[in-house]
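Enquirer: pasting the sequence and the predicted model now:
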There are 2 protein chains.
Amino acid sequence: MSWFRSLIHVSAARASSSSSSAKSRITDPFSYSLLSCFTTEARPPALYSGLGATKPGEKPRVVVLGTGWAGCRLMKGLDTKLYDVVCVSPRNHMVFTPLLASTCVGTLEFRSVAEPIGRIQPAISREPGSYFFLSNCIGLDTDKHLVQCETVTDGADNLEPWKFEIAYDKLVIALGAQPTTFGIRGVEEHAIFLREVYHAQEIRRKLLLNLMLSDVPGVSQEEKSRLLHCVVVGGGPTGVEFSGELSDFIQKDVHQRYAHVKDYIHVTLIEASEILSSFDDRLRRYATKQLTKSGVRLVRGIVKDVKDKTIVLNDGTEVPYGLLVWSTGVGPSSFVNSVQLPKAPGGRIGVDEWLRVPSVQDVFSIGDCSGFLESTGKPVLPALAQVAEREGKYLANLLNTIGEAGGGHANSAKEYVYKEPFVYKHLGSMATVGRYKALVDLRQSKEAKGLSLAGFVSWFIWRSAYLTRVISWRNRFYVAINWLTTLVFGRDISRI
Amino acid sequence: MSWFRSLIHVSAARASSSSSSAKSRITDPFSYSLLSCFTTEARPPALYSGLGATKPGEKPRVVVLGTGWAGCRLMKGLDTKLYDVVCVSPRNHMVFTPLLASTCVGTLEFRSVAEPIGRIQPAISREPGSYFFLSNCIGLDTDKHLVQCETVTDGADNLEPWKFEIAYDKLVIALGAQPTTFGIRGVEEHAIFLREVYHAQEIRRKLLLNLMLSDVPGVSQEEKSRLLHCVVVGGGPTGVEFSGELSDFIQKDVHQRYAHVKDYIHVTLIEASEILSSFDDRLRRYATKQLTKSGVRLVRGIVKDVKDKTIVLNDGTEVPYGLLVWSTGVGPSSFVNSVQLPKAPGGRIGVDEWLRVPSVQDVFSIGDCSGFLESTGKPVLPALAQVAEREGKYLANLLNTIGEAGGGHANSAKEYVYKEPFVYKHLGSMATVGRYKALVDLRQSKEAKGLSLAGFVSWFIWRSAYLTRVISWRNRFYVAINWLTTLVFGRDISRI
């Protein structure tokens, strides 16, 4: 009972001495061993101030910027016998984006669609030379093979972010894209995007808050209608799926659990051109019909201005809203804009057929932040999970082959002969529209012929397809369980 | 395709007219019906500004303040054929507090321990006269049978909270207690309590942040030790269970998933007197041994001051910390302090043997905010879930009996003869200490003789007991599933 000995000792010490030598009071060897490390004054200021360049005998280091589809698929595929993997990102998990819309209303739980990096590439948690750093990349020196980073310290008010450098042998830029606002005033302040788990959490909290506030005595009917008017801007797959989920939630859960205000809640989807523009015409018409049937109002319009309680369309109509979700597509992030590398159309980082950034050594770029250079004669691929995932897989294999050929270290792959270039083959698109209905478009491009399905069967295919693609067994299991409990018990409405 | 008609109409209108009559553009009847409600200018300012007194022919109204164990158990038991139920609380769910410590490290998910009020008493979501209001109670007029409330609007920057009144026939004050800080400077700013789901979320986020930050290049060994020093103040069941869960997390998950920093993380439990003071001596010794074995340092001390990175003990020892959890017991909330009602020892609202607040009509108080008046000759019961739950159940039956006897309306129960008083029978205490070990103390009081168990069997009893007491089938199911996946896959470490 070392604790009791220690306590007795402390008590004895307290009784016998003054408080001048307080620091040596707790003399249980175990307690002391720890507390001593706090009280030692003279110590080197830091163990190391970054990760230096690897030496010839050591494993080369692949630095991956970003933890989206591209970066995570790459890390999963990298051979950790050949490389150390260092990942830099402001979030320690990958988001399974196609299912994110379902978490906003509680069909799925947030954790069921988030996969920690350590589960995707276990070496990062265990190997002595592999790391995950919760940081943003703030600079790049391709001559010296260095990236500059800064730690993320949100939630810790007493910490200053600090900067450090990492030397790379291979650098993979997979930083993704950020939502576009087209410079419309007020979008950043008042609308919620739908790209990260915290966006979905914010939407869920706001929706439940508005449902409850609208039921409080003293609220005018006008204010009730405003609070419960959910506006979605952007008719791509995310906007359509979110609208579908929301109308499902209204029909099944709000009608039962917020019976007093159920007649006030409405969903409006605003799109400048046509919804699901990449899908087959027949599917688009089907989606339109299904959404309208579920009570989603489809309005063609362009948003001109966003105020705190209303949006203004370009024809002057002022539409009050309680919840505004913005999903009008993505563009390059400010880091990608600022970085001194060749650019592809649309401001993305330009890559060649092997996903290399030409003109510099050992730098690759994949996912939404990159695109084929005009010189390749290939079109920039769409910003889809599918594209990013395929590029990550391709690049992992390519880097493994280079590593096996002895070209892993910085500047040592100059003689390597690149063979098979990256070729993207579209496997089709899927989207749900709520009410156990989905669209599956298996054509390879908008002009091509091929199978397209709509209805319950596609919904079943959609669910099965995602269930087998949710990466870990843990999350596959939880997604299935969440779907089951939503069916049996309804969605959870605790505002936590 | 009413949408297309509507769009075509809008386009035609846009082409043919100026923007002066913009508001009437969307003329699809369905869209119009909604949008019209926003554009109508003249409308009565509010439908109603509160809930007025019930009339003789109507159902009497029970107003319940609070959604803890006491209030929720009461609402569950109230006969909604006899009464309308109106609940006022800043949270729309009950927290299953004995399992909250498990959610801080991911053994259980947050939603598995939160039960929405609508699932506990469905009438609140459905019946025309029953409501849940997301609000704080700010005042009380027992002469007029009125409570004053103010809405909670956290997360909605563009809303001012508003005030309203509710007339009650019976009022049940079940507002719980709040953590005590003993006036120690810095506790509110730097420590995290463990009473609400958002506390557990904050602890989890901070713990994961510190684990990741301590692995970033440039951090001194001293700072690593500080970041990963988890200090728990208070050795009651909550503090002990949290320490146990944390050491489990360290041994099973941190060692695997944060292998680089695993040797820097430590847990210290600081208690002024002895841990688990209400338990049997043998169990206390067992708990001490188990916690020490799992690496929890038990330190006897009194905290004098809390700074942003260190705490100062009363003997002058300065202990650096990265995470500080405060669970030193509870005291009356500021509303309970301010309310003009008779008080029991400890500042709680004083009640008689039937849980009535004497000197006023139709007011009852249950749970941690209330205690027997000295005049009853009974001791104030401990602030335990068990007590609150039993009081809620008793009062529900009492109110149902009063209602059946025709005394439901305000001031109409004066002739009612109160029979069986509330008698508390302690069923025993339980606590886990991590590593599949728990304590079960089935004695009725500290002095009494009776069964007390420690070890794996008690852990099994502990789990089974909680599993059957987690209120809804949904949450029972999720708690079981969470335990299963923690065992099979480990805890989730996504920082979301």
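Expert: It's in.

Enquirer: show me where pLDDT drops low in chain A?
Expert: A:1-49, A:470 (pLDDT under 70).

Enquirer: what's the first helix or strand after the lengthiest strand in it?
Expert: Longest strand in chain A, counting residues (DSSP state E): strand A:131-141. Under the assignment DSSP states H and E, the closest C-terminal helix or strand after strand A:131-141 is strand A:146-151.

Enquirer: mind giving me the packing neighbours of that following strand?
Expert: Contact analysis of strand A:146-151 by 3 or more Cβ pairs under 8 Å, 6 or more residues apart in numbering or on different chains; DSSP states H and E lists strand A:131-141, strand A:163-167 as its packing neighbours. All C-beta spots, glycine's among them, are computed from the backbone N, C-alpha and C.

Enquirer: just send those strands back as a markdown table, with mean neighbour count too.
Expert: Shown next, in a markdown table, are the helices and strands packed on strand A:146-151 (neighbours: other Cβ atoms under 10 Å in any protein chain shown):
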| stretch | mean neighbour count |
| --- | --- |
| strand A:131-141 | 20 |
| strand A:163-167 | 19 |
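
Enquirer: out of these, which is closest to B:Lys425?
Expert: strand A:131-141 (50.9 Å; Cβ to Cβ).

Enquirer: please name the strands paired to that closest one in the sheet, noting orientation.
Expert: According to DSSP bridges, strand A:131-141 forms sheet pairs with strand A:84-89 (parallel), strand A:146-151 (antiparallel).

Enquirer: is it possible to get TSV of those that adds distance to B:Val306 and mean neighbour count?
Expert: Below are these laid out as TSV (distance: least, Cβ to Cβ, whole Å; neighbours: other Cβ atoms under 10 Å in any protein chain shown):
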stretch	distance to B:Val306	mean neighbour count
strand A:84-89	33	25
strand A:146-151	24	21
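
Enquirer: returning to that earlier point: by how many degrees do the longest strand of chain A and strand A:163-167 diverge?
Expert: 90 degrees (axes from the mean of the first three to the mean of the last three Cα atoms, to 10 degrees).

Enquirer: give me the residues contacting strand A:131-141.
Expert: Residues from elsewhere that reach strand A:131-141, judged by Cβ atoms under 8 Å, 6 or more residues apart in numbering or on different chains: A:51, A:65, A:86-92, A:117-118, A:124-125, A:146-152, A:163-164, A:166, A:171, A:175, A:335, A:339-340, B:209, B:212-213, B:215-217, B:260, B:495.

Enquirer: the residue nearest to A:Arg204 when sequence neighbours are not counted: what's it in contact with?
Expert: Residue nearest to A:Arg204 in three dimensions, not counting chain neighbours: A:Cys104, with 5.4 Å by Cβ to Cβ, 6 or more residues apart in numbering or on different chains. Contact analysis of A:Cys104 by Cβ under 8 Å, 6+ apart lists A:Leu194, A:Ala200, A:Ile203, A:Arg204, A:Leu207, A:Phe242, A:Glu245, A:Leu246.

Enquirer: how close does the fifth one sit to A:Val113?
Expert: Going from A:Leu207 to A:Val113 by Cβ to Cβ, to the nearest Å gives 18 Å.

Enquirer: ditto for the second one
Expert: In this structure, A:Ala200 and A:Val113 are separated by 8 Å, where distance is defined by Cβ to Cβ.

Enquirer: shared neighbours, these two?
Expert: Residues touching both A:Ala200 and A:Val113 (Cβ under 8 Å, 6+ apart) are A:Leu100, A:Thr103.

Enquirer: still on that earlier bit, closest one to A:Trp462 among the helices and strands packed on strand A:146-151?
Expert: strand A:131-141 (31.8 Å).

Enquirer: now list the buried members of the contacts of A:Cys104.
Expert: A:Leu194, A:Ala200, A:Ile203, A:Arg204, A:Leu207, A:Phe242, A:Glu245, A:Leu246 (16 or more other Cβ atoms under 10 Å in any protein chain shown).

Enquirer: and after the helix or strand hosting the second one, which helix or strand comes next?
Expert: Taking DSSP H and E as the definition, A:Ala200 sits inside helix A:197-213. Downstream of helix A:197-213, the next assigned helix or strand under DSSP H and E is helix A:221-227.

Enquirer: for A:Leu395, find the nearest of the strands paired with strand A:131-141.
Expert: Short answer: strand A:84-89, nearest of the strands paired with strand A:131-141 by Cβ to Cβ, at 12.8 Å.

Enquirer: after that closest one comes which helix or strand?
Expert: Per DSSP H and E, strand A:84-89 leads on to strand A:93-95 as the next helix or strand towards the C-terminus.

Enquirer: from the contact counts, what lies against that next one?
Expert: strand A:114-116, helix A:117-120.

Enquirer: ok, A:Val64 touching A:Leu175?
Expert: No. Taking Cβ atoms under 8 Å as the definition, A:Val64 is not a contact partner of A:Leu175, at 10.0 Å.

Enquirer: which parts of the stretch 151-300 of chain A are strands?
Expert: With DSSP state E, counting those that start in this stretch as the criterion, the stretch 151-300 of chain A has strands at A:163-167, A:170-173, A:178-179, A:229-233, A:266-271, A:296-300.

Enquirer: now A:Lys128. Nearest residue, chain neighbours left out?
Expert: For residue A:128 the amino acid is Pro, not Lys. Excluding the flanking residues, the one nearest A:Pro128 by Cβ to Cβ, 6+ apart is B:His260, at 7.6 Å.

Enquirer: now the one you found: how far from A:Glu58?
Expert: B:His260 is 17 Å from A:Glu58, by Cβ to Cβ.

Enquirer: which one's more surrounded, those two?
Expert: B:His260 (18 against 12; other Cβ atoms under 10 Å in any protein chain shown).

Enquirer: so the more buried one makes contact with B:Asp215?
Expert: Yes. Between B:His260 and B:Asp215 there is a contact at 5.2 Å, judged by Cβ under 8 Å.

Enquirer: skipping adjacent residues, who's closest to A:Glu223 in space?
Expert: A:Ser214 is the one closest to A:Glu223 (Cβ to Cβ, 6+ apart), at 7.5 Å.

Enquirer: give the contact list for the one you found.
Expert: A:Glu223, A:Lys224, A:Leu227, A:Leu228, A:Val261, A:Tyr264, A:Gly322.

Enquirer: any chance of CSV for those residues, columns neighbour count?
Expert: As requested, the contacts of A:Ser214 are arranged in CSV below (neighbours: other Cβ under 10 Å):
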residue, neighbour count
A:Glu223, 20
A:Lys224, 23
A:Leu227, 28
A:Leu228, 26
A:Val261, 20
A:Tyr264, 24
A:Gly322, 27
